[in-house]
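Asker: Need a 3D model of the following:
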Amino acid sequence: MNRAVIIWRVASFLVAAGFIALWQLIANLKLVSPVFLPGPDRAWGALVRGFSSGDLWSKLAGTLEHMAYGWLAASIAGIAIGAIIGSSRTMRTYVAPSLEFLRPLPVSAIIPVAIAMLGLTQAMALFVIAFGAIWPIMLATIHGFAAVEPRLYEVARSLQMSRLAVIFKIALPSASPDILAGMRLSLTVALILSVVCEILAGLDGLGHWVLLSARAFRSADLFAGVILLGLTGYVTSVAMSLAEHRLLAWQAAQR
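Answerer: Predicted structure coming up:
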């Protein structure tokens, strides 16, 4: 293993350990009321109790389900729409103004519209998560398709390849690094919006767990939920990075 990588990992571990030690010190000295700031020992105890009782398993499964469905819907729609727009200069010219109007819209402004149309339901959560997560994927796909070397399109024309063949055999492999980077970013967005929808709509998940814990002043349970959300985001990001590395191994082999 590279020495620089080892040093980086050790330094990351030491920073995390120092943060936890400082947190424990502040909690022990009661610089902040224990009602609001439990120590990491109490948060860990709440995390263990939650998993032992099975409550956190169901909450975690609910959040992962909301995140996965919204992310998958956003990925399919974002790649399809991005491929259509990115592979056509005319589409980019005419559709770009509409995209620039919708892209800056904060998802928080869409949530009341989604609630009015769909109610406080799973469908509302799916729509909100997909709407927020689609933009990194779609914009990355558009950029990836637009950045394909013109010479490749000239070769495709000389071989009389169909439009679908050009997309799947030339443009999509060339744009795959941008697409996978957009999917990794949108996965984080999907997790954040899953928690927001669970808090607003009372859907079963970690967001609802955190909300109820805060209302009942169960600070240890609240921090346990926050820690679990952070771990979920980290694990899914690492998993996506590993998948990205595996799927793009052919590019490294060509270099």
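
Asker: how about the nearest residue in space to L47 that is not next to it in sequence, secondary structure?
Answerer: Spatially, and ignoring its direct neighbours in sequence, L47 is nearest to A224 (4.1 Å; Cβ to Cβ, 6 or more residues apart in numbering). For glycine as for every other residue, the C-beta is placed from the backbone atoms N, C-alpha and C. What DSSP: H, G, I helix; E, B strand; the rest coil gives for A224 is helix.

Asker: Ok, the one 4 residues further on next?
Answerer: Three-state secondary structure (criterion: three-state DSSP) places L228 in helix.

Asker: Surely A214 and L222 touch.
Answerer: Yes. Using Cβ atoms under 8 Å, A214 makes contact with L222 at a distance of 5.3 Å.

Asker: Name the residue in the two with the higher neighbour count.
Answerer: Neighbours were counted for A214 and for L222 using other Cβ atoms under 10 Å; L222 has more, 22 against 15.

Asker: Pull out the buried positions in stretch 211-219.
Answerer: For stretch 211-219, a neighbour-count test (16 or more other Cβ atoms under 10 Å) marks L211, S213, R218, S219 as buried.

Asker: now stretch 166-174
Answerer: Residues of stretch 166-174 classed as buried: V166, I167, I170, A171, L172, S174 (neighbour count, 16+ other Cβ under 10 Å).

Asker: among those, which are in helices?
Answerer: V166, L172, S174 (DSSP state H).

Asker: Let's have those residues in JSON lines, adding distance to G119 and pLDDT.
Answerer: Converted to JSON lines, these look like this (distance: Cβ to Cβ, whole Å; pLDDT from 0 to 100):
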{"residue": "V166", "distance to G119": "43", "pLDDT": "76"}
{"residue": "L172", "distance to G119": "38", "pLDDT": "80"}
{"residue": "S174", "distance to G119": "43", "pLDDT": "82"}
